[in-house]
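1. need a 3D model of the following:
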Amino acid sequence: MPTEVELKLSATPAAWRAVRQHRALTEANAGRARSTVVISRYYDTPSRELHGHGIALRLRRRGTRWLQTVKGAGDAAGGMHRRAEYEWPLSRATLEPARLAETPWAELFAKVSGRLSAVFTTEVKRTERALKFDDGTRATLSFDQGAVRAGRKRLPLCEIEIELVDGDVRRLFDLALALCADIPLTLAHASKADQGYALATAQPPRPVRAGKVALASDVAASQALAAIATDCLGQMAGNAEAMRAGRDGEFLHQLRVGVRRMRSLLKLASGMHDAAAIAAIDRDLVALSRVLGPARDWDVFAGTLAAIAPHLADDERRGFNRLRLRAARRRRFHRAATQAEAGSHRFTCLLLALGRLRTGLELAAPDLSATALADDALARSERRLRKRGKGLRQADAAARHRARVAAKRLRYAAEFFAPLFRHAGASGYVDAIASLQRTLGHLNDMAAASRLTDELLAPVRDDPELARAAGIVGGWTAASSARELERLPKSWRQFAKAKPFWH
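-> Next comes the predicted model:
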């Protein structure tokens, strides 16, 4: 199946001027830049059936030439977009249905025949130049500036695409990393088609959650980890993009989950890839977590205060509202920090480094089987959790937190590898870990609420209103913790009885 492989970056005209002069680009330059106007019309049914199947159908005018293109569902991770692509030159600007029958989606196109119409249009000035790297890898770099239009709605486009012609795809990451280290660029997670559909349907973005990655039972470990890394990267990049635009706290939460999943995956990959590169990436992920963690803590704390508010007496509200205002200011401060970090060159370079690592795993020679890796990793993670779970009810908050971290790591590994053991009761095992993790998570949230309350009160210890409000929060969290501690033995017993599915 013909496949389009390209790395996409969001840019500005000023950034493009800097890119053109960057040494990394001039060293790979293999020809003069050429510019042309490219107009593309995307077609679908009124109910968007093609989009629902991940298919994009377009007519494109490039100079005086017309092309009909069909792209299939693919993946986007670390800025790299890969999709099946079929393309035919046309003599006129009308769809040729006969061509659609030549694709793997002939049945779908036959079903929608006669119901296709233009949904949106993109029009850009494209500046292209050919690239050739030292190892012989060839690529094409394009700068597109223009807009996507759907009816009266318009969205500006300003993107750089580096498309692989032939050779080693990692050279594209090397070039992008060199550019992003010096120039303010971000990854373009959404394709032009995705942006057009979002504009046409006016649907707000949804948080990107962990997906279920299909794995064949005989897949090599490196190939399995590459597939899982693709999903983790998609979760990180998709949620960061929405978070930069100021979306709600669920995007922050899912970004943190994506970071934790990726760190768990890096531990699994450490024995089969460049250990120094993995260690450097993990340090960057830890630094990112130190920005995201406090923001998430203040989000959860705001939810706790909102839950308490309806139960207050009239004479308690003034001090409590003052406490909430102080908490809201801290929350805004940390939210702004996360938005800035998600738009920083550090974050862009981190995603590119992860994308290059993912590609390296894909290209690695098959060695260890994924089932062998899963057997070892899951057994070790389970032993760690069972060790840390002893005496949980009487343990202090720090010990319960360590058990919670162990539960998360086991859960992520179980979710990663469950598809390798389709008929072994993996879902029940994962559910048992998830139940234990939720209980430990609630206890951790209450411990964090106490810590954040103390932080708010530290500068104003002599304020009786705020002290009273802090006492209310303390009473609420103590009662909530007591209820969760009552549930903890049952959650632990459910996990202890769960049969490991990988044996």
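
2. ok, which stretches of this structure are strands?
-> Applying DSSP state E to the chain gives strands spanning 3-10, 34-44, 56-62, 65-71, 75-77, 80-90, 117-132, 138-150, 153-166, 186-187.

3. quick check: which of those strands is buried the most?
-> A comparison of the strands of the chain by mean neighbour count, using mean count of other CB atoms under 10 Å, puts strand 186-187 on top with a mean of 24. Where you see a C-beta, it was placed from the backbone N, CA and C, and this is true even at glycine.

4. give the other helices and strands that that one contacts.
-> Judged by 3 or more CB pairs under 8 Å, 6 or more residues apart in numbering; DSSP states H and E, the packing partners of strand 186-187 are strand 3-10, helix 345-363.

5. now these as JSON lines including mean pLDDT and distance to E382?
-> Shown next, in JSON lines, are these (pLDDT from 0 to 100; distance: least, CB to CB, whole Å):
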{"stretch": "strand 3-10", "mean pLDDT": "96", "distance to E382": "39"}
{"stretch": "helix 345-363", "mean pLDDT": "95", "distance to E382": "25"}
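
6. now do V148, the pLDDT please.
-> Predicted confidence (pLDDT) at V148: the value is 98.

7. what's the spacing between it and G74?
-> Distance, V148 to G74, by CB to CB, to the nearest Å: 19 Å.

8. which helix or strand in the protein has the lowest average pLDDT?
-> strand 75-77 (a mean of 88; mean pLDDT, DSSP states H and E).

9. name every strand pairing with that one and say which way it goes.
-> If you go by DSSP bridges, strand 75-77 pairs up with strand 80-90 (antiparallel).

10. how far away from the center of its chain is the strand it pairs with?
-> Relative to the centre of its chain, strand 80-90 is centred 24 Å away, using CA atoms, centre = their mean, to the nearest Å.

11. also stretch 488-503?
-> When C-alpha coordinates are averaged (CA atoms, centre = their mean), stretch 488-503 and its chain have centres 30 Å apart.

12. wait, G389 touches V405, no?
-> No. At 11.8 Å, G389 does not count as touching V405 under the criterion of CB atoms under 8 Å.

13. and the two? Which one has more around it.
-> Higher neighbour count among G389 and V405: G389, with 22 against 17, using other CB atoms under 10 Å.

14. need the contact list for the more buried one.
-> Residues in contact with G389 (CB atoms under 8 Å, 6 or more residues apart in numbering) are 403, 406, 492, 495.

15. now the residues you listed: which count as buried?
-> Buried by 16 or more other CB atoms under 10 Å: 403, 406, 492, 495, out of the contacts of G389.

16. centroid-wise, who is the farthest residue in this structure?
-> For the chain, the largest distance from the centre (CA atoms, centre = their mean) belongs to D315, which lies 45.5 Å off.

17. can you pull the pLDDT of that residue?
-> We have a pLDDT of 96 for D315.

18. with D134 instead?
-> pLDDT, read off for D134, is 97.

19. P366 touches Q223, doesn't it?
-> Yes. Using CB under 8 Å, P366 makes contact with Q223 at a distance of 7.1 Å.

20. more crowded one of the two?
-> Q223 (17 against 11).

21. contact partners for the closest residue to that one other than its chain neighbours?
-> Of all residues beyond its chain neighbours, the one nearest Q223 is E362 (6.7 Å), with distances taken as CB to CB, 6 or more residues apart in numbering. Applying CB under 8 Å, 6+ apart, we find E362 in contact with 222-223, 226.

22. same deal with G428?
-> Applying CB under 8 Å, 6+ apart to G428 gives the contacts 498-499.

23. thinking again about what came up before, looking at the contacts of G389, which one is closest to L456?
-> Using CB to CB, A403 is the member of those that lies nearest L456, at 27.9 Å.

24. what distance do you get for that closest one to E415?
-> In terms of CB to CB, A403 sits 19 Å off from E415.

25. one more: L292?
-> L292 sits 21 Å away from E415, taking CB to CB as the criterion.

26. cool, and A399?
-> Taken as CB to CB, the span from A399 to E415 is 25 Å.

27. the two: who's more crowded?
-> Using other CB under 10 Å as the criterion, A399 and E415 rank with E415 on top: 21 against 15.

28. how about the more buried one, nearest residue that isn't a chain neighbour?
-> Among residues not flanking E415 along the chain, V430 sits closest, at 6.0 Å (CB to CB, 6+ apart).

29. for A434, find the nearest of the helices and strands packed on strand 186-187.
-> The closest of those to A434 is helix 345-363. By CB to CB, the value is 25.7 Å.

30. buried sites along that closest one?
-> Going by neighbour count (16+ other CB under 10 Å), the buried part of helix 345-363 is 347-361.

31. equivalent analysis for stretch 90-98, please.
-> Across stretch 90-98, burial judged by 16+ other CB under 10 Å covers 90, 95.

32. need the contact partners of that stretch.
-> Contact with stretch 90-98 is made by 43, 57, 59, 61, 66-68, 88, 109, 113, 116, as judged by CB under 8 Å, 6+ apart.

33. and stretch 112-127, by the same measure?
-> The contact list for stretch 112-127 (CB under 8 Å, 6+ apart) reads 33-46, 48-50, 57, 95, 97, 142-150, 157, 192, 196-197, 199-200.

34. list the residues that contact L443.
-> Each residue near L443 by CB under 8 Å, 6+ apart is listed here: 397, 400, 404, 481, 484-485, 488.

35. now it, nearest residue through space, not along the chain?
-> E484 (4.9 Å).

36. thinking again about what came up before, for the strands of the chain, which one sits closest to R23?
-> Using CB to CB, the strands of the chain put strand 117-132 closest to R23, at 13.5 Å.

37. quick one: that closest one to strand 56-62, angle?
-> Using axes from the mean of the first three to the mean of the last three CA atoms, to 10 degrees, one finds that strand 117-132 and strand 56-62 are set 60 degrees apart in direction.

38. let me see the ranges of the helices in the stretch 201-350 of the chain.
-> In the stretch 201-350 of the chain, the helices defined using DSSP state H, counting those that start in this stretch lie at 221-244, 249-269, 275-308, 314-342, 345-363.

39. from the middle of its chain, how far away would the shortest one be?
-> Shown here is helix 345-363, whose average C-alpha point lies 13 Å from the average C-alpha point of the whole chain (CA atoms, centre = their mean).

40. by how many degrees do that helix and helix 275-308 diverge?
-> Taking the same axes, to 10 degrees, one finds that helix 345-363 is oriented at 120 degrees with respect to helix 275-308.

41. CA atoms only: put helix 345-363 into CSV for me.
-> Provided in CSV are the C-alpha atoms of helix 345-363 (Å, rounded to 0.1, in the frame of the first residue of the first chain):
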residue,chain,number,x,y,z
HIS,A,345,10.6,24.7,22.3
ARG,A,346,11.6,22.3,25.1
PHE,A,347,8.3,20.4,24.8
THR,A,348,8.5,20.4,21.0
CYS,A,349,12.0,19.0,21.1
LEU,A,350,10.9,16.4,23.7
LEU,A,351,8.1,15.1,21.4
LEU,A,352,10.5,15.0,18.4
ALA,A,353,13.1,13.0,20.5
LEU,A,354,10.3,10.6,21.5
GLY,A,355,9.2,10.3,17.9
ARG,A,356,12.8,9.5,16.8
LEU,A,357,13.0,6.9,19.6
ARG,A,358,9.8,5.4,18.5
THR,A,359,11.1,5.1,14.9
GLY,A,360,14.3,3.6,16.2
LEU,A,361,12.3,0.8,17.9
GLU,A,362,10.3,0.2,14.7
LEU,A,363,13.5,-0.2,12.7
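
42. cool, thanks, talk later.
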